[in-house]
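Trainee: structure for this input, please:
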Amino acid sequence: MLFYPQERLALFIDGANLYSAARALGFDIDYKKLLTEFSKKGILVRAYYYTALLEDREFSPLRPLVDWLDYNGYTLVTKSAREYTDAAGRRKVKGNMDIEIAVDMMEIAPSVDHIVLFSGDGDFRKLVEAVQRRGRRVSVVSSLRTQPAMVADDLRRQADHFIELVEIQPLIAREGVAPRPTTYPQAVYAPQPVSLDGG
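Mentor: Predicted coordinates for the structure are as follows:
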């Protein structure tokens, strides 16, 4: 990883995307370790975590994580996920956070030197390019080692640096925890295939 001690950093974590990538690789993220690790890389200005929540449920499996992040150094950005029934009669959940990530990243860009985006979503390629035009470096954290790859090829190529999630796993993984069954809403958190043309 190419970081400089005096550079101002901002982390942007697409919660659903990072969860899917880590789960596909067979480990859980320790968010305290992640924050500590990136705090060593430079001057950490802000660490954003984005997720959609099903608010109409009595208990959201995400709530304990969201509450912990909120009290432990992360800037939490949430919105209500929407449930709907598709044409085939299947219940689906929609909770895309792309616009929130884009707005916040453009707003903070003048105040930082380096942005680290934890997502492989090809929709962010143009956003990364726009931030780079403002003289900021952007690193993307995702994985090529999942089947299919979790990072869109054009996003990986646009980034100044690509950080393979497997390579930082020893630094940010929860220790002594066997992967548990998925408890997050499937439609929001199931790994989505990422086409290599950025779709």
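Trainee: who are the packing partners of whichever strand in the chain runs longest?
Mentor: Assignment by DSSP state E gives strand 43-53 as the longest strand of the chain. When contacts are defined as 3 or more CB pairs under 8 Å, 6 or more residues apart in numbering; DSSP states H and E, strand 43-53 packs onto strand 8-14, helix 15-25, helix 31-39, helix 63-71, strand 75-80, helix 98-108. (Each C-beta comes from the backbone N, C-alpha and C, glycine too.)
Trainee: out of those, which is closest to residue 116?
Mentor: Distances from residue 116 to each of the helices and strands packed on strand 43-53 were compared using CB to CB; the shortest belongs to strand 8-14, at 5.0 Å.
Trainee: sheet-wise, list the partners of the closest one with their directions.
Mentor: Its sheet considered, strand 8-14 pairs with strand 43-53 (parallel), strand 114-118 (parallel) by DSSP bridges.
Trainee: about what we covered before: now render the helices and strands packed on strand 43-53 as TSV, adding mean pLDDT and distance to residue 49.
Mentor: Output for the helices and strands packed on strand 43-53, formatted as TSV (pLDDT from 0 to 100; distance: least, CB to CB, whole Å):
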stretch	mean pLDDT	distance to residue 49
strand 8-14	98	5
helix 15-25	93	6
helix 31-39	96	8
helix 63-71	90	5
strand 75-80	91	6
helix 98-108	97	10
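Trainee: looking at these, which is closest to residue 128?
Mentor: Of all these, it is helix 98-108 that lies closest to residue 128, at 8.7 Å by CB to CB.
Trainee: so how far is the closest one from its chain's centroid?
Mentor: Its chain's average C-alpha position is 13 Å from that of helix 98-108, according to CA atoms, centre = their mean, to the nearest Å.
Trainee: low-confidence stretches in this structure?
Mentor: 1, 55-60, 93, 177-199 (pLDDT under 70).
Trainee: what about residue 139, how many neighbours?
Mentor: The tally of other residues near residue 139 (other CB atoms under 10 Å) stands at 21.
Trainee: how near is it to residue 71?
Mentor: Relative to residue 71, residue 139 is positioned 27 Å away (criterion: CB to CB, to the nearest Å).
Trainee: check residue 39 too.
Mentor: Taking CB to CB as the measure, residue 39 falls 17 Å from residue 71.
Trainee: out of the two, which sits in the busier spot?
Mentor: Set residue 39 next to residue 71 and count neighbours by other CB under 10 Å: residue 39 wins out with 14 against 9.
Trainee: check contacts around residue 130.
Mentor: Applying CB atoms under 8 Å, 6 or more residues apart in numbering, one finds that residue 130 lies in contact with residue 106.
Trainee: need the three-state assignment for it.
Mentor: Reducing the assignment at residue 130 to three states with DSSP: H, G, I helix; E, B strand; the rest coil gives helix.
Trainee: for it, give its distance to residue 80.
Mentor: Computed as CB to CB, the residue 130 to residue 80 distance reads 28 Å.
Trainee: residues near residue 47, how many?
Mentor: Using other CB under 10 Å as the criterion, residue 47 is surrounded by 23 other residues.
Trainee: so can I have a markdown table of the helices and strands packed on strand 43-53 showing distance to residue 145?
Mentor: Shown next, in a markdown table, are the helices and strands packed on strand 43-53 (distance: least, CB to CB, whole Å):
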| stretch | distance to residue 145 |
| --- | --- |
| strand 8-14 | 18 |
| helix 15-25 | 7 |
| helix 31-39 | 19 |
| helix 63-71 | 24 |
| strand 75-80 | 28 |
| helix 98-108 | 24 |
